[in-house]
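K.L.:
only geometry, no sequence info:
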Ligand SMILES: Nc1ncnc2c1ncn2[C@@H]1O[C@H](COP(=O)(O)OP(=O)(O)OP(=O)(O)O)[C@@H](O)[C@H]1O
Ligand SMILES: [Mg+2]
């Protein structure tokens, strides 16, 4: 029972990170209809920015995450302007190829600049807290609470602010959005900024538990794509539910079946769900 | 005023509009008649910047708006309730209407007033204000589309078949609202299946066939025209 609860907490922490990263990806898909395969690379760069803010400049962890989010928002906008905007009327395969190009460019850039070694990110939250008899690492609690905070903020932004509403409007009807005077260009840039910032926050939160290295985004990339396909492309609740579902499946299969199996379980799960519901759990008008 | 001069639109090889010229003067309600596929929606979409013209000019109140993107055309003062409505189906009626006022989002008091006016015009929308727009009936959705376009406080309102698929009574209600809107000084450009009902409320009209304006005239001229009567009024 204790093992179960312990692993449940781990799964929730992991699921929070998956959900944050998947939210960014699903937002970009909803607005631009682009499967942004470079998302994992933005995630990786986000981890490095936080890492160097912490280790080279001694900036406090939480502030460092904020800086990383801001830097990645800017990088997100640049990627949108330089790569995806010029391709906006091109066939979908061009977007895919461009996104893979950005992924490789950022990954090799990181390798050249920072080397391929694995780095440990120091976090001030190294203690263990005892919650109802369970020993939980402080960092995991930080991951969970910070993620929930960011998700609530994102929700309020999307539902309660005019810029947030422009995102929802474009997702639901692009023509309708331009007919009320919304500038799709601006919304695309804003969406990329938010998406990259979410990836940076997710990466910075989980990095002290895992490690920082140039290809850290690859595995995540596969997972977040599985999550948003599972949840329904472009769906916000789908990204959150999918993120937690994948984390639960991974953590419990590694605990009770085998460690080697846990990486595959997510995809097995995905295949099963798609066989039953090809458009994902929360897809619209399915 | 709106002045369209010699406008042509192509979809690949297909010439959807050929040398179309049309005007809407201050205070006017102008109707565009035409069979299915004649090019009415293409004309409206091009005026609103959703389609780039192959050639020709579009001037609006002294501005050259031809070829500008849709959001810039709306800024110039032209709002459209388009074919297919293009509502935001999962957002509430209230949010749909509020987004209609996107370009004057800082004018909170003005938006509140426009909302009240929209509800006055279509009282059912007030009752349904918290329902997702996609859950409304066709007629109610059409009212949301017209109301949303009005929320932009346009100088010219373009309405593409606002009574399409509506029950006769609801259709009357929508056309009555169009007259009310026009009376407040807003120019209206209207496409309508029901030629008789449309001509009744219009000042002038154009007849479009195969992408060309084949006839233009005042309300009475068109009503008395034998071709118009035969082709569009079934008499
Ligand atoms: N995006 C497009 N690509 C290719 N052809 C198009 C496109 N949009 C419209 N057309 C064609 O252009 C012609 C005019 O269409 P349009 O929708 O403007 O007609 P309409 O007068 O509005 O008809 P309706 O009364 O059915 O709404 C039609 O033959 C249509 O098939
Ligand atoms: Mg039409």
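P.N.:
All right, it came through fine. Everything numeric in this text was worked out from a predicted model, so none of it was measured. Ligands and ions are numbered 1, 2, ... in the order given.
K.L.:
in chain B, which helix is the longest?
P.N.:
The residue-count maximum for a helix in chain B (DSSP state H) belongs to helix B:168-183.
K.L.:
report the rounded mean pLDDT for that one.
P.N.:
Here helix B:168-183 scores 92 as its mean pLDDT.
K.L.:
may I see the buried residues of that helix?
P.N.:
Neighbour counts over helix B:168-183 (16 or more other Cβ atoms under 10 Å in any protein chain shown) mark B:170-171, B:173-175, B:177-178, B:181-182 as buried. All C-beta atoms are positioned from the backbone trio N, CA, C, and that covers glycine.
K.L.:
residue B:45: which of the residues you listed is nearest?
P.N.:
Taking Cβ to Cβ as the measure, residue B:45 sits nearest to residue B:178 out of these, at 19.5 Å.
K.L.:
count the neighbours of residue 30 for me.
P.N.:
I went with chain A, as the question did not name one. 21 (other Cβ atoms under 10 Å in any protein chain shown).
K.L.:
um, chain B though
P.N.:
22.
K.L.:
spit out the contact partners of it.
P.N.:
B:22-24, B:187-190, B:202-206 (Cβ atoms under 8 Å, 6 or more residues apart in numbering or on different chains).
K.L.:
switch to 10 Å and redo it
P.N.:
B:2, B:22-24, B:156, B:182, B:187-190, B:202-206, B:216, B:219 (Cβ atoms under 10 Å, 6 or more residues apart in numbering or on different chains).
K.L.:
just want the most central residue of chain B.
P.N.:
residue B:159 (1.6 Å; Cα atoms, centre = their mean).
K.L.:
quick check: residue A:129 is in a strand.
P.N.:
Yes - counting by DSSP: H, G, I helix; E, B strand; the rest coil, residue A:129 is part of a strand.
K.L.:
for it, report the pLDDT, please.
P.N.:
Residue A:129 is given a pLDDT of 88.
K.L.:
for the lowest-mean-pLDDT helix or strand in chain A, name the packing helices and strands.
P.N.:
One helix or strand of chain A scores below all others by mean pLDDT, DSSP states H and E: helix A:259-276, with a mean of 78. With contacts defined as 3 or more Cβ pairs under 10 Å, 6 or more residues apart in numbering or on different chains; DSSP states H and E, the packing partners of helix A:259-276 are helix A:216-231, helix A:236-256.
K.L.:
what helix or strand is residue B:21 on?
P.N.:
strand B:14-24 (DSSP states H and E).
K.L.:
direction included, what does the next helix-or-strand element following that strand pair against?
P.N.:
Counting by DSSP H and E, the next helix or strand C-terminal to strand B:14-24 is strand B:29-33. In its sheet, strand B:29-33 lies beside strand B:187-191 (parallel), strand B:204-209 (parallel), with partners assigned from DSSP bridges.
K.L.:
count of neighbours near the residue nearest to residue B:212 when sequence neighbours are not counted?
P.N.:
Using Cβ to Cβ, 6 or more residues apart in numbering or on different chains and skipping the chain neighbours, the partner closest in space to residue B:212 is residue B:18 (5.1 Å). Neighbour count for residue B:18, taken as other Cβ under 10 Å: 17.
K.L.:
please apply the same query to residue A:134.
P.N.:
Neighbours around residue A:134, by other Cβ under 10 Å: 13.
K.L.:
up against ligand 1, what does chain B have?
P.N.:
B:11, B:14, B:16, B:34, B:36-42, B:83 (Cβ under 6 Å from any ligand atom).
K.L.:
and chain A, which of these reach it?
P.N.:
Contacts with chain A within the residues of chain B next to ligand 1, counted by Cβ under 10 Å from any Cβ of the partner chain: residue B:83.
K.L.:
now for the residues of chain B next to ligand 1: which two are most distant?
P.N.:
B:14 and B:83 (17.9 Å).
K.L.:
picking up where we left off before, mind checking the pLDDT average for the strand holding residue B:21?
P.N.:
97.
K.L.:
which of the helices and strands packed on helix A:259-276 is buried the deepest?
P.N.:
Ranked by mean neighbour count, the helices and strands packed on helix A:259-276 are led by helix A:216-231 with a mean of 24 (mean count of other Cβ atoms under 10 Å in any protein chain shown).
K.L.:
so does that helix get close to chain B?
P.N.:
No - looking at helix A:216-231 against chain B by Cβ under 10 Å from any Cβ, there are no contacts, and the closest approach is 15.8 Å.
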